[in-house]
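Asks: Structural data only, the sequence is not supplied:
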């Protein structure tokens, strides 16, 4: 990865201070490559900024590598990629005329301009010879016969990423971290008064690595064997925005990977206090991307208390059939409470909904259950999201006779003989019933 | 098409008034068929209705045909399709137990419920035996093990479509009407104070049938040979919403047509005053759909005045290259005025834009032009829409030396020898320059 300190314009090549450098701060790069790199950092840029410089992205070109940096002061995204300065038969002459440089350009307009070029068009980015870190002026972006001049701000005004202490870290497959985040992200709270719930609680638990989310009405917990180094990792709360940025980048890393090569891996690092996280992974076109993010400064509640330990009753049912029925019935779930009733009876579950204005609906489903008849109400959206996060074909719902006690949900593998079977998969969820 | 008067419940079969009818008002129909039919009428239903009954759709079942009606009191959409009452080995017994009926059901919830069934699921719709036009109560919609009961309003409260006087009419290919509307709809004005511009001016002109739209800054005019009957058709203004509804239905008719059969045709009818229009065309699954719409009561201005008759200068240029360049430059067009400059010089057009905050851009294009150098400003969105409506590979821009006079744009076929060539296609557009 290119260095993260900003490049100072250099007065000349080795030991020739008296000769004026005639080389120009410019580079050339395939439009598709630059577009993909830019997309990886603009997810961090906020739509409205009280600090104008934060609507910008810094482009730094050193030794035929281009590094892009964007930030919202909580998250820094740094992406590098290869330029095409070494491509083509004219590269020798081209390399003689260029020098390294940094410029600070408006992120969204640059993205919009690049979107209108063919992916294979060669884009030239050029700044005036006299630029330095305090320079503001016009940077030319050119492809074919189209030429844009974008207002650049001084690079010195941009809060570039400083050095970060690294005290703990581990590495894991990108797909493993992506699956874990996708399994729990639906239960992240959006209640800003409980800011310590606005993210994923990433923490070691004995030999496990765990990701937990809760909004007070439900809990999602993902537990896997901790990779080497995870046991000494601090317990941290990863903000919702960091999660969203990472999910996109992980998907990009997985998509960009050569299927025959080793699956791509992500490096996860933290400082001792757990106040800063760093994630680094491969990106498209042989590039690399890193995210440095502040964690949420708060105490995540002890979620273990809400997990029913040995629930008395258990119903197992096909996940996709239940998900389809919940989706159908949700059409008539009350707009405000979104309440859906589930009636459990031996061998059968019945979903029902009622809206005063529109009418009611019900659907019966066969299930494996031999407990007493019991009826519980749920938020239908929570039910849908709970089922959507489960990967296995069968889901097990476990609960105690009290109709308002927590319900524990997990993927399930039934025995071949139709016996008790066992919970499977890394995901355990808890959902609180509602009064209906 | 099924009759449009509402079905009265009948006391019994022929001449047996004393025997109580034991048959049930119910029908069965493939979910996909009913969904497609419903989609054709719900485009008319407004999201918010001060009159609650207008959020509903009337379902009328007579002799194994189901007819759906929806309205906003300006447009009525009536769609019919076949039920599956005659399908399956049990149809004899089924037909003995059913009778014709009408019910009035909430459109959006019915649509939402149907969306959750498999397209091939058999949906049963059933009302209580005692229903009549004044009845309100619950109608059961069932498929598989799912059952919904939707609140029905009295059919008597629904403003069904009455009989309409037909004094003029013609028939044309659905694709011809769809192309004509798509060619001019972008220039429909959204300025409600000039309500008479809020639609397409459909009118005969000698032997032509013409569609014209203008918002004061631009004009789009589509002229084709009038089909038989068009010459005596009244001049009418077809509202923007009617146009949008028709465009969807025409696309559906074209898509549903058997490629080997005759291309589908639309019947266009009007009353003598031109205050009501009727459009009838085929629909998916062998159904039919008709739209009856009030026209806009106003006088469309004499658009012929703004068309430059014999403009002095002409530039011809490849449409797609110009459209791509306009789209690129529009990225930096000023957010408010959207102004883009075009500089004409012999053999060359140069587009340029400037935004005080972001910067500027320019692009040169080769074109056939031998007039004097002249620079004009345009609204870049209007330019994009103008070019988007043209189908031919080359576009001709014609204008007089006055840089603020109207510019006439049309499709163009260049001569093989690069000579003058000729205008082609049914679409002529006029765009007014803006000061920049």
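Replies: Yes, it's here. Not measured: the values here are computed from a predicted model.
Asks: which parts of the helix or strand encompassing residue A:253 are buried?
Replies: Residue A:253 is located in helix A:240-256, with elements delineated by DSSP states H and E. Of the residues in helix A:240-256, those with enough neighbours to count as buried (16 or more other C-beta atoms under 10 Å in any protein chain shown) are A:240-243, A:245-247, A:249-250, A:252-254, A:256. Quick note: C-beta positions are derived from backbone N, CA and C, even for glycine.
Asks: Quick one: list the elements packing against that helix.
Replies: Helix A:240-256 sits against helix A:31-42, strand A:75-82, helix A:174-184, strand A:199-205, strand A:276-282, strand A:288-294, with contacts defined as 3 or more C-beta pairs under 8 Å, 6 or more residues apart in numbering or on different chains; DSSP states H and E.
Asks: mind listing what's buried in whichever helix or strand comes after the fourth one?
Replies: If I follow you right, that is strand A:199-205. Proceeding N to C from strand A:199-205, the next assigned helix or strand is strand A:208-214, under DSSP H and E. For strand A:208-214, burial by neighbour count (16+ other C-beta under 10 Å) applies to A:209-214.
Asks: Format these as TSV; extra columns: pLDDT and distance to chain B.
Replies: Listed next are these as TSV, based on pLDDT from 0 to 100; distance: C-beta to the nearest C-beta, whole Å:
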residue	pLDDT	distance to chain B
A:209	98	38
A:210	98	35
A:211	98	32
A:212	98	32
A:213	98	28
A:214	98	29
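Asks: which bits of the stretch 251-400 of chain A sit near chain B?
Replies: Counting by C-beta under 8 Å from any C-beta of the partner chain, the positions of the stretch 251-400 of chain A adjacent to chain B are A:324-325, A:327-329, A:331-332, A:357-365.
Asks: Lowest-confidence entry in those?
Replies: For these, the weakest pLDDT value sits at residue A:357, with 86.
Asks: thinking it is in contact with residue B:151, fair?
Replies: Yes - counting by C-beta atoms under 8 Å, residue A:357 touches residue B:151, with 7.1 Å between them.
Asks: Between the two, which has more neighbouring residues?
Replies: Neighbour tally, residue A:357 and residue B:151, criterion other C-beta atoms under 10 Å in any protein chain shown: the higher count belongs to residue B:151, 19 against 11.
Asks: Verify the contact between the more buried one and residue B:138 for me.
Replies: Yes - the pair formed by residue B:151 and residue B:138 meets the contact definition of C-beta under 8 Å, at 6.3 Å.
Asks: what residues are shared contacts of the two?
Replies: With contacts defined as C-beta atoms under 8 Å, 6 or more residues apart in numbering or on different chains, the residues adjacent to both residue B:151 and residue B:138 are residue A:359.
Asks: Could I get the full set of helices for chain A?
Replies: A:31-42, A:91-97, A:107-115, A:174-184, A:240-256, A:319-330, A:380-388 (DSSP state H).
Asks: strand partners of the longest strand along chain A, parallel vs antiparallel please.
Replies: If you go by DSSP state E, chain A has its longest strand at strand A:422-431. Counting by DSSP bridges, the strands paired with strand A:422-431 are strand A:218-225 (antiparallel), strand A:407-413 (antiparallel).
Asks: Export the helices and strands packed on helix A:240-256 to TSV and append columns for mean neighbour count and distance to residue B:40.
Replies: As requested, those are arranged in TSV below (neighbours: other C-beta atoms under 10 Å in any protein chain shown; distance: least, C-beta to C-beta, whole Å):
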stretch	mean neighbour count	distance to residue B:40
helix A:31-42	22	39
strand A:75-82	23	47
helix A:174-184	21	38
strand A:199-205	22	46
strand A:276-282	21	49
strand A:288-294	21	48
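Asks: Which among these is found nearest to residue A:127?
Replies: In this view, the helices and strands packed on helix A:240-256 are compared for proximity to residue A:127 by C-beta to C-beta, and helix A:31-42 is the closest at 15.6 Å.
Asks: So the closest one, near chain B or not?
Replies: No - in this structure, helix A:31-42 remains apart from chain B according to C-beta under 8 Å from any C-beta; the gap is never smaller than 11.5 Å.
Asks: residues from the stretch 1-150 of chain A in reach of chain B?
Replies: So the stretch 1-150 of chain A meets chain B at A:106, A:109, A:112-113, A:115-117, A:138, A:144-150 (C-beta under 8 Å from any C-beta).
Asks: Widest-spaced pair of those residues?
Replies: Spatially, the most separated pair among the residues of the stretch 1-150 of chain A next to chain B is A:106 and A:145, at 22.7 Å (C-beta to C-beta).
Asks: Which one's more surrounded, those two?
Replies: Just comparing residue A:106 and residue A:145: by other C-beta under 10 Å the higher neighbour count belongs to residue A:106, 22 against 14.
Asks: Once you drop chain neighbours, what's closest to that one?
Replies: Here the nearest residue to residue A:106 in space, its sequence neighbours aside, is residue A:56; by C-beta to C-beta, 6 or more residues apart in numbering or on different chains that works out to 5.5 Å.
Asks: quick one on the thing from earlier: filter the residues of the stretch 251-400 of chain A next to chain B down to the buried ones.
Replies: The neighbour count (16+ other C-beta under 10 Å) marks A:324-325, A:327-329, A:331-332, A:358-365 as buried among these.
Asks: which of those sit farthest apart?
Replies: In these, two members sit farther apart than any others by C-beta to C-beta. They are A:358 and A:365, at 22.4 Å.
Asks: For the residue in the stretch 151-300 of chain A that chain B sits nearest to, give me its contacts.
Replies: Closest residue of the stretch 151-300 of chain A to chain B, C-beta to the nearest C-beta: residue A:151 (5.0 Å). The contact partners of residue A:151, taken as C-beta under 8 Å, 6+ apart, are A:106, A:136-138, B:357-359.
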